[in-house]
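Visitor: pasting the structure only:
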């Protein structure tokens, strides 16, 4: 049986002139999470938005927020992104001075903690922290901009974390972000991904429901 996955559409690809309506529609089209890409112009070259934009969606999102902080020293802002609808707060390994303390900080606020790594980061850097991680986000593009082409070099990392999860008997989930659509989603699903982040492939699809079903593999 072919593997299926959940989907976390990224609002970076939504129409910000009608963001609430777009988020409501993407939820009705089959989204499992709403991915919140936060960029500070320092860790990555782009700037996106802050917590006020996410909080404005509380009345529109029927699924949990999947927050991805692409910012330096994320501990300064973690609390701002914790709401009754926040499922995960994910920080970057490369942006944390003490990842263990940051994970503890996130957990102390009552939400699940995720860690993301860039495409050139060795997956083994997370080995000391695996028991404290709820989600591993593998970047399949360089973080900072939407619409980039999928990097197949992420697949061995996904497989590595899948093996470690089984070997250690852990329950973290493995997520991928960047360049995934209906045509190539099977690659990451087969490698062990669940859920899949998708931006343009979901929000900009002519038929969002069909696109989401194609990415999920259902």
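Guide: All right, it came through fine. Remember, predicted model here, so these are calculated numbers, not experimental data. Residues are numbered from 1 along each chain as shown.
Visitor: how many other residues sit next to residue 134?
Guide: Neighbour count of residue 134, defined by other C-beta atoms under 10 Å: 20. Every residue, glycine included, has its C-beta placed from N, CA and C.
Visitor: then residue 171?
Guide: Other residues lying near residue 171 total 8 when counted by other C-beta under 10 Å.
Visitor: Three-state assignment for it, please.
Guide: Look at residue 171: counting by DSSP: H, G, I helix; E, B strand; the rest coil, its state is coil.
Visitor: contact partners for it?
Guide: Applying C-beta atoms under 8 Å, 6 or more residues apart in numbering, we find residue 171 in contact with 134, 165.
Visitor: what does the pLDDT read for it?
Guide: Predicted confidence (pLDDT) for residue 171: 96.
Visitor: name the helices or strands packed onto the lowest-mean-pLDDT helix or strand in the chain?
Guide: Ranking every helix and strand in the chain by mean pLDDT, DSSP states H and E puts helix 185-191 at the bottom, with a mean of 93. If contacts are counted by 3 or more C-beta pairs under 8 Å, 6 or more residues apart in numbering; DSSP states H and E, helix 185-191 sits against helix 155-168, strand 196-198, helix 208-216.
Visitor: which other residues reach that helix?
Guide: Contacting residues not belonging to helix 185-191 are listed as 2-5, 140, 152, 154-155, 158-159, 162, 176, 180, 196, 214-217 [C-beta under 8 Å, 6+ apart].
Visitor: tell me which residues of that helix are tucked away?
Guide: Neighbour-count burial for helix 185-191 flags 185-189, 191 (criterion: 16 or more other C-beta atoms under 10 Å).
Visitor: go on, stretch 205-218?
Guide: Quick answer for stretch 205-218 (16+ other C-beta under 10 Å): 205, 208, 211-217.
Visitor: also stretch 63-74?
Guide: For stretch 63-74, a neighbour-count test (16+ other C-beta under 10 Å) marks 63-72, 74 as buried.
Visitor: all helices for the chain, in order.
Guide: 19-28, 51-55, 99-108, 155-168, 185-191, 200-203, 208-216 (DSSP state H).
Visitor: distance to residue 131 for the ones you listed - can I get that in CSV?
Guide: As requested, these are arranged in CSV below (distance: least, C-beta to C-beta, whole Å):
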stretch, distance to residue 131
helix 19-28, 32
helix 51-55, 29
helix 99-108, 10
helix 155-168, 7
helix 185-191, 22
helix 200-203, 32
helix 208-216, 29
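Visitor: among those helices, which is nearest residue 91?
Guide: Closest to residue 91 of those, according to C-beta to C-beta: helix 99-108, at 5.6 Å.
Visitor: averaged pLDDT, that closest one. What do you get?
Guide: 98.
Visitor: got it, and stretch 9-26?
Guide: 97.
Visitor: show me what counts as buried in that stretch.
Guide: Across stretch 9-26, burial judged by 16+ other C-beta under 10 Å covers 9-14, 19, 22-26.
Visitor: residues in contact with that stretch?
Guide: Applying C-beta under 8 Å, 6+ apart, the set of residues contacting stretch 9-26 from outside is 31, 33-37, 48, 53, 56-57, 59-62, 146-147, 177, 197-200, 202-204, 208, 212.
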